[in-house]
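Asker: Please work out how this folds:
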Amino acid sequence: MGSVMRALCSRQALHRCCPLLAWLPRYSGHWLQMDALAGLTVGLTVVPQALAYAEIAGLPVQYGLYSSFVGCFVYCLLGTSKDITLGPTAIMSLLVSTYGQHDPVYAVLLAFLCGCIQLALGALRLGFLVDFISFPVINGFTSAAAITIGFGQLKNILGLRGIPRQFFREVYYTFYNIAHTRCGDLVLGATCLLLLLLLQAAKGRLPKRTGALPALDRVCRAIVGFTATARNAVVVLGASLVAFSCESQRWHVFTLTGTTASGLPPFRVPAFSRAQGNHTECFTDMLRNFGAGLAVVPLVGFLESIAIAKAFAAQNGYRVDPNQELVAIGTTNILGSFLSSYPVTGSFGRTAVNSQTGVCSPAGGLVTGLVVLLSLAFLTPLFFYVPKAALAAVIICAVSSVIDVRILPALWRVSKLDLLPFLASFLGCFWEIQYGILAGMALSGIILLYNTARPEVKVTDSGYVVVQLQSGLSFPAAEYVRDQLCSRALEASPPRSAVLDCVHISAIDYTSVICLRELSATFQQHNLALVLTNLKPKILSILTAAEIEGLRCCSTMEAAGQSLRATESDQDECEKPVSRSWS
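Answerer: Predicted structure coming up:
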């Protein structure tokens, strides 16, 4: 008991449970300067994005900001990546729209339950479960989600109202009502899109090194670089000023966000029931309404976050702990639900801004959280004038980078079979997100099991048949290997002995042992021999314990050939029943 307690209280255990203790002793003034700059830049990015993502989730815009600050503080304490920022994202907002009934009560309760599931998975060290979701499935889902989100914002660019949210109906009614396009929204939305694209392109063309440039050029580069990095805030602010000017002249040419609740969110326990008309929905009714969302939302939330964290960790030369990331995200969602947050995860766009601005530790998130809190405290009355077309432009630009068009030719060149789970996930998510993910995972599992059940077999003929498995031998493949040996050796003319080369076999199960026993008996009935070669010690000990009568084993292929050519098996040292000791 004492050794267990010492292990739990060791420095490594404390650093693993609270990563803040690992980097805080090394914190410096330079880190503070860089973290403050990065946190401020990300804060200017997250405020307009949060307003836009709440629109995707089907919630009032203030809920986007409610969901944007808790993760900044929690992740500083519990996160293992210096770059990642937690908050609302386009894909998570789409999931909340799908499973949250467009109701804040449902969305907040979903955050609480999602956090509980993620925290439990992290505490049980089950982060490895996401490894069973293949990259084509993930890519198919994210690409379909990006297209769904992007097209869903077209109605706000066009100023259309009353468009349903289901994707296929949304496509139909958008084009059906296109004649009712509002010119003001269309012009403003197209202008915002163009400005965002130009600023993004300008950022990529800035010189990397500024030491040799004159002072005025360095100042201009810094201004352009900051404007391009905070382009979302700049464009939304400019569009809001235009809208305010028009409204002050009583020109109602834009669709505006409208009145939003002001101030900080109250601290309260998530509601576990909801009044609906003349009756009350109890907790079990709400769980039933969530359906597959209780599995999809926590899974996708962790998957999105850990993929981003690993990508930036590899880029910047450090490691992240998947299980601790689960704990951080789960804790964020649980605490966030007490402050009216909907489920959050890691954001690729804001994490990229954080990394490129030179963040040195998770403390940059403290500045970002402070910016969001100040916006909630003082700026919410001004959100009335934010045009929905400007927020739609921000969303479209944000999700456009998620669509990976290069994966199709890559899959065609590398593994055509992986196109099946990609297409199943991609196409299925346009119908229902959970069906798309499940279809992709099912096809990936079938492909994996097929490769296990039908391992590649290399067959050579040296007067006797040599069968070499190119992968392991497990129970799904046992019957297939048996058929291969029988058809190649016993059904040949004339029948011949066989050698099974086990060089690639690192594990064997009981079903496979039974199959080898039956094969050995079949070969003996034909007065032929079955020899196993290149056995690993672990496999040899299992076969020895099984006491398979007549089965021979040799250490090399040459010894196996000599054994088969020998006339007296008991005179050859290599040829021994497996039931005896191995020398």
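
Asker: Tell me if I am right that residue 207 is in a strand.
Answerer: No. If the criterion is DSSP: H, G, I helix; E, B strand; the rest coil, then residue 207 is coil and not within a strand.

Asker: Need the residues that contact the helix or strand hosting residue 174.
Answerer: Element membership of residue 174, judged by DSSP states H and E, is helix 167-176. Residues outside helix 167-176 that contact it (C-beta atoms under 8 Å, 6 or more residues apart in numbering): 148, 151-152, 154-155, 158, 160, 162-164, 430-431. For the C-beta atoms, the positions are set from N, CA and C on the backbone; glycine is no exception.

Asker: List the buried residues in that helix.
Answerer: Within helix 167-176, the residues scored as buried using 16 or more other C-beta atoms under 10 Å are 167, 170-171, 173-174.

Asker: Quickly list what the closest residue to residue 523 other than its chain neighbours is bridged to.
Answerer: Of all residues not flanking residue 523 in the chain, residue 530 sits nearest, at 4.4 Å (C-beta to C-beta, 6 or more residues apart in numbering). Residue 530 has these beta-bridge partners by DSSP bridges: residue 498.

Asker: Could you list the low-pLDDT ranges of the protein?
Answerer: Confidence mapping of the chain against pLDDT under 70 gives the ranges 1-11, 208-213, 567-583.

Asker: Mind doing that once more with 80?
Answerer: Along the chain, segments meeting pLDDT under 80 span 1-16, 130-131, 203-218, 276-278, 401, 462, 471-472, 565-583.

Asker: circling back to that earlier point, need the buried residues of helix 167-176 in JSON lines with distance to residue 298, can you?
Answerer: Formatted as JSON lines, the buried residues of helix 167-176 follow (distance: C-beta to C-beta, whole Å):
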{"residue": "167", "distance to residue 298": "23"}
{"residue": "170", "distance to residue 298": "26"}
{"residue": "171", "distance to residue 298": "30"}
{"residue": "173", "distance to residue 298": "32"}
{"residue": "174", "distance to residue 298": "32"}
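
Asker: Look up how far residue 193 lies from residue 251.
Answerer: From residue 251 over to residue 193 the distance is 22 Å, taken as C-beta to C-beta, to the nearest Å.

Asker: When those two are compared, which one has more neighbours?
Answerer: Ranked by neighbour count (other C-beta atoms under 10 Å), residue 251 and residue 193 place residue 193 first, with 20 against 11.

Asker: Who are the packing partners of the helix or strand that contains that one?
Answerer: For residue 193, the element it lies in under DSSP H and E is helix 183-205. Other elements packing on helix 183-205 under the criterion 3 or more C-beta pairs under 8 Å, 6 or more residues apart in numbering; DSSP states H and E are helix 154-158, helix 215-229, helix 231-248, helix 388-400.

Asker: now do 6 Å
Answerer: Other elements packing on helix 183-205 under the criterion 3 or more C-beta pairs under 6 Å, 6 or more residues apart in numbering; DSSP states H and E are helix 215-229, helix 231-248, helix 388-400.

Asker: Please compute how far the longest one lies from its chain's middle.
Answerer: The reference is to helix 231-248. 35 Å (C-alpha atoms, centre = their mean, to the nearest Å).

Asker: Tell me the helix or strand right after that helix.
Answerer: strand 274-276.
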